[in-house]
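**Q** below: sequence and its predicted model.
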Amino acid sequence: MYKIAFSHGLIAFFFYTQWTLLLVTVYFLLATIVSARGCRIHGRNLSDQTKDDNVSASALIDKNRNGFAKLDHLGDANTSQQLDLLDNVLLAVYQTSAGASMLTDIVFWGLLLPFLVEDFELTLLMAYLHSLNAVLLVIDTLLNCLPCNWFGIHYFLLWSFTYVVYQWILHACCMTWWPYPFLELSTPWAPLWYLAMALVHLPCYGTYVWLTKAKYKAFPKMFPSAFVRDKLE
């Protein structure tokens with residue numbers, strides 16, 4: 001993808017599939033950074049807790065000897081549960097990726113390939129681009145504790161709207177060919193196509209919301225001692 005981007009510039013991101021692939025890549029990069037930071041903070045908190053336990057033990061000994069405790073106020077690092085900017089960005093990118101990957105694969109396999117594209121040869125690379133992104137996200141969803149609620153559909157709709165505006169700008173400047181037949185504005189069916197594509201965002205994102213709820217319902221029963229429920233659910 002980076003070779004295509006350097007060679008063709010913004011035109012390289014002509015298809016929604018490429019937008020989705022870029023978004024999913026950014027999500028996994030952010031998730032790796034946040035996970036590494038979380039492991040570092042957790043390790044530091046364990047070290048601080050060990051030190052606090054040692055201080056408490058020493059204070060108890062002093063109290064038993066002197067009749068009073070010599071404990072200073074120690075702040076608890078776990079009292080603050082507020083999400084910072086990076087966490088919020090990760091959550092927004094995750095929820096957008098969930099809907100975009102579903103939309104990409106459903107439109108490709110259910111609409112473009114069987115009905116709207118003629119003389120199209122399906123290659124292994126095309127099958128990979130329109131399936132693996134959703135598969136990897138579903139696997140990640142089963143393992144992470146990020147929420148996927150209906151509020152996130154706003155990010156998903158904004159992402160798709162940005163892509164459509166991007167296409168309008170390209171065609172107003174230099175392009176004449178539309179990457180998807182349902183985006184063409186010169187046909188009398190254009191309003192219905194745009195309405196249908198807007199409505200299809202609901203089941204695409206709803207599928208992921210249902211998957212997340214099913215996970216939170218089934219996993220506590222399947223793994224009662226290992227499953228961690230999301231605090232933001």
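**A** Everything's here; your move. Numbering: from 1, shown residues only.
**Q** number of residues surrounding Thr187?
**A** Using other Cβ atoms under 10 Å, Thr187 has 13 other residues around it. No exception for glycine: its C-beta is placed from N, CA and C like everyone else's.
**Q** ok, now which ones touch it?
**A** Residues near Thr187 by Cβ atoms under 8 Å, 6 or more residues apart in numbering: Trp193.
**Q** what helix or strand is it on?
**A** Using DSSP states H and E, Thr187 sits in no helix or strand.
**Q** please report how far the most centrally placed residue in the chain lies from Ala36.
**A** With distances taken as Cα atoms, centre = their mean, Tyr94 lies nearest the centre of the chain, 1.1 Å away. Distance from Tyr94 to Ala36, counting by Cβ to Cβ, to the nearest Å: 17 Å.
**Q** so who does Leu90 touch?
**A** When contacts are counted by Cβ under 8 Å, 6+ apart, Leu90 touches Tyr27, Leu30, Ala31, Val34, Leu146.
**Q** which SSE is the third one in?
**A** What that stands for is Ala31. Per DSSP H and E, Ala31 falls inside helix 16-66.
**Q** pretty sure Ala92 contacts Phe151?
**A** No - the pair Ala92 / Phe151 is not scored as a contact, 10.0 Å apart, by Cβ atoms under 8 Å.
**Q** who's more crowded, these two?
**A** Higher neighbour count among Ala92 and Phe151: Ala92, with 19 against 11, using other Cβ under 10 Å.
**Q** tell me the pLDDT of the more buried one.
**A** Listed pLDDT for Ala92 reads 95.
**Q** that one: what's it in contact with?
**A** Ala92 makes contact with Gly152, Tyr155, according to Cβ under 8 Å, 6+ apart.
**Q** could you list the low-pLDDT ranges of the protein?
**A** Low-confidence segments of the chain, defined by pLDDT under 70: 1-12, 46-83, 116-120, 226-233.
**Q** so where do the helices sit in it?
**A** For the chain, the helices defined by DSSP state H occupy 2-8, 16-66, 85-107, 124-129, 132-143, 153-173, 190-199, 201-222.
**Q** residues contacting the residue nearest to the centre of the chain?
**A** Shown in contact with Tyr94 (Cβ under 8 Å, 6+ apart): Tyr27, Ala31, Leu146, Cys148, Gly152.
**Q** that one and Leu22: what is the separation?
**A** Distance, Tyr94 to Leu22, by Cβ to Cβ: 14 Å.
**Q** quick revisit: out of the helices of the chain, deepest packed?
**A** Greatest average neighbour count among those goes to helix 85-107 (a mean of 21), per mean count of other Cβ atoms under 10 Å.
**Q** report the two of the contacts of Tyr94 separated the most.
**A** Ala31 and Gly152 (15.5 Å; Cβ to Cβ).
**Q** if we can go back for a sec, distance to Ile139 added to the contacts of Tyr94, as a markdown table?
**A** Converted to a markdown table, the contacts of Tyr94 look like this (distance: Cβ to Cβ, whole Å):
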| residue | distance to Ile139 |
| --- | --- |
| Tyr27 | 13 |
| Ala31 | 12 |
| Leu146 | 13 |
| Cys148 | 14 |
| Gly152 | 19 |
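**Q** between those, which is closest to Met102?
**A** Among those, and counting by Cβ to Cβ, the member closest to Met102 is Cys148, at 11.1 Å.
**Q** need phi/psi at the closest one.
**A** Its backbone dihedrals place Cys148 at phi -130, psi 90, with angles given as degrees, to the nearest 10.
**Q** surely it touches Tyr208?
**A** Yes - when contacts are counted by Cβ under 8 Å, Cys148 is listed as touching Tyr208 (5.3 Å).
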